[in-house]
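A.B. asks: Could you work out the structure for the sequence below:
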Amino acid sequence: MDVFDLKRLFPTCMCALCAAIFSISTFRPAPVHACNACKDAKEIPCKAHRPPTAFKFLHSLWLDYKCCLGTGRKPCPKCSAEGEKADEYEKFRKRLEEWVVARRTDFDLVLFGDEPKLASELDANPVRHCESDNFRFSGNFRPLPVSHCDVPEGLFPDLPDKKVLKKQFSAEHYDWILLKRAEDAFKAFKAVFQDQGRFRSASTNYYKDIFKAAEGKYDVFLWHRGDHHQVCGRKFFGVAHEMGVYKHGARITAVVGGNEYTGTDENLDRYLTHMLNHLFVEAYDFEIGYDFPAWIPEGFAHYMEWKKFGDFKITCFFEKTDPVSIPSKASAYVLTLVTSNQHLPAASVIKMNYNSMDQKAHCEMWSFMHYLIEGAPRENFIKFMRELKRTRDQMASFKTAYGYSIIQMDEPWKEFVLKNYK
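C.D. replies: Predicted coordinates:
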């Protein structure tokens, strides 16, 4: 019997009957949303309160939220501010406040202790701090529009669940993205060395009386205003215009916005990929305050940028106004140099300083590093770097690792180029 037969039998009560049948068939108990701190029976975690889980993440902006246990999300109506949960949250909040105070003390003491005017400006425009397992970011930079979202899907529920998007992230989201990228870069660096050696920054231990909260972590300072960056540059580098790595293996300082390196999110990602690998190389296997021959950290930074983006654009060319322009197809460019016999010999490249590198030199440094890491046994490269750290002698270290002189690298390198570049 279908519904029409029912209607003929019960013409006067069909509407009520249908309503009852429809109500019974479609009724589902409504889920009760609660903060992930609420563990009551039959309640599901509120997606809006799910914290980042990929690695430990602290953020000074969390103090601006009234949230359960410091998840960094505003509470849902079911979230209670009383009882045991409230006590746990207050304990977490106190720890977070102590962390922020320690970060701010480090920051003010190291950078602006003798700059009262700039210190007062920073008090009026608070600096953000965020921290992960291996990094600490500080600065007053503004979030940049992100064209590629490498945040795991579902991590931030207010973001679209898709990989390619154009969105202005909140400061908290953007800081998390930068830390995630830094951790990924660190993981990629350790993979090159097959997890052999020491990877934490040793030089920050020099500041152990100041940096009590996280010895051995890398510090990254990102500025939106040029005058703040200039002070940071003077204190870290001795010059006002420099962007880059504080010797040795401890800090990065950069301006975000209005610069060819950091004016967009992609450029900033490239710039940090390049500079972070300078940090990692400096600090690898017991940092000893040794200035590497310039081709090694520069070539390695080019290599790591190329591995991530498929090309490389960032150059450490501090002494000149304009950065060096790198060909979009560096492999084809190097192949042309080799086939036309216009390449620079290794004996020349290994002696270059940063202010003497041109387009040809940068591309060959990248290619040298490509060959040493992928064109020969990886164990030789690792041994070379560790010996170089120990002896500070690139000639002796290279011969120990590879069995021949570094100035004889031209022939095996050219063979690698001719075989692998198109």
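A.B. asks: Would you mark the buried spots in the host helix or strand of Met385?
C.D. replies: Under DSSP states H and E, the secondary-structure element containing Met385 is helix 378-391. Within helix 378-391, the residues that qualify as buried by neighbour count (16 or more other CB atoms under 10 Å) are Asn380, Phe381, Ile382, Lys383, Phe384, Met385, Arg386, Glu387, Leu388, Lys389. From N, CA and C alone the C-beta is placed, and that goes for glycine too.
A.B. asks: what helices or strands is that helix leaning on?
C.D. replies: Here helix 378-391 touches helix 394-402, going by 3 or more CB pairs under 8 Å, 6 or more residues apart in numbering; DSSP states H and E.
A.B. asks: Does anything pack onto the helix it packs on? Which helices or strands?
C.D. replies: For helix 394-402, the elements it packs on are helix 378-391, judged by 3+ CB pairs under 8 Å, 6+ apart.
A.B. asks: Export the helix it packs on to CSV, keeping only CA atoms.
C.D. replies: Below are the C-alpha coordinates for helix 378-391, written out as CSV (Å, rounded to 0.1, in the frame of the first residue of the first chain):
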residue,chain,number,x,y,z
ARG,A,378,76.5,11.1,-0.3
GLU,A,379,78.9,9.8,2.3
ASN,A,380,81.7,11.7,0.6
PHE,A,381,79.8,15.0,0.9
ILE,A,382,78.9,14.5,4.5
LYS,A,383,82.5,13.6,5.3
PHE,A,384,83.7,16.7,3.4
MET,A,385,81.5,19.0,5.4
ARG,A,386,82.3,17.5,8.7
GLU,A,387,86.0,17.5,8.0
LEU,A,388,85.8,21.1,6.9
LYS,A,389,84.1,22.0,10.2
ARG,A,390,86.9,20.3,12.1
THR,A,391,89.9,21.4,10.1
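A.B. asks: Give me the contact list for that helix.
C.D. replies: Residues from elsewhere that reach helix 378-391 (CB atoms under 8 Å, 6 or more residues apart in numbering): 192-194, 196-197, 281, 284-286, 288, 290, 292, 296, 372-373, 394, 396-398, 400-402.
A.B. asks: again with stretch 301-315
C.D. replies: When contacts are taken as CB under 8 Å, 6+ apart, the neighbours of stretch 301-315 outside the stretch itself are 185, 188-189, 192, 261, 270-271, 273-275, 277-278, 281, 298, 316, 323-324, 326, 328-330, 357, 362, 365-366, 369-370, 373.
A.B. asks: Average pLDDT for it, rounded please.
C.D. replies: What stretch 301-315 shows for mean pLDDT is 94.
A.B. asks: Show me what whatever helix or strand Tyr333 lives in packs onto, helices and strands only.
C.D. replies: Secondary-structure element containing Tyr333, defined by DSSP H and E: helix 330-339. In terms of contacts (3+ CB pairs under 8 Å, 6+ apart), helix 330-339 is packed against helix 359-370, helix 410-420.
A.B. asks: Of these, which stretch is the most buried?
C.D. replies: Among the helices and strands packed on helix 330-339, judged by mean count of other CB atoms under 10 Å, the one packed with the most neighbours on average is helix 359-370 (a mean of 24).
A.B. asks: Which strands and helices lie in contact with that one?
C.D. replies: For helix 359-370, the helices and strands in contact under the criterion 3+ CB pairs under 8 Å, 6+ apart are helix 295-309, helix 330-339, helix 346-349, helix 410-420.
A.B. asks: where exactly do the strands run in the stretch 151-300 of the chain?
C.D. replies: According to DSSP state E, counting those that start in this stretch, the stretch 151-300 of the chain carries its strands in the segments 164-168, 218-223, 244-246, 251-255.
A.B. asks: Okay, buried residues for the longest one please.
C.D. replies: Going back to what we said before, that points to strand 218-223. Buried positions in strand 218-223, judged by neighbour count with 16+ other CB under 10 Å: Tyr218, Asp219, Val220, Phe221, Leu222, Trp223.
A.B. asks: Over to stretch 327-340?
C.D. replies: By neighbour count, and taking 16+ other CB under 10 Å as the criterion, the buried residues in stretch 327-340 are Ala330, Ser331, Tyr333, Val334, Leu335, Leu337, Val338.
A.B. asks: Ok, stretch 349-358 next?
C.D. replies: Applying a neighbour-count criterion of 16+ other CB under 10 Å, one finds Val349, Ile350, Met352, Tyr354, Met357 buried in stretch 349-358.
A.B. asks: Now flag whichever of these is closest to Ala102.
C.D. replies: Tyr354 (35.1 Å; CB to CB).
A.B. asks: From the structure, what's the count of residues near the nearest residue to that closest one once chain neighbours are set aside?
C.D. replies: Distance criterion CB to CB, 6 or more residues apart in numbering; nearest residue to Tyr354, sequence neighbours excluded, is Ala294 at 5.2 Å. Counted with other CB atoms under 10 Å, the neighbours of Ala294 add up to 20.
A.B. asks: give the contact list for Ala294.
C.D. replies: Contacts of Ala294 were listed using CB under 8 Å, 6+ apart, and they are Met352, Asn353, Tyr354, Met357.
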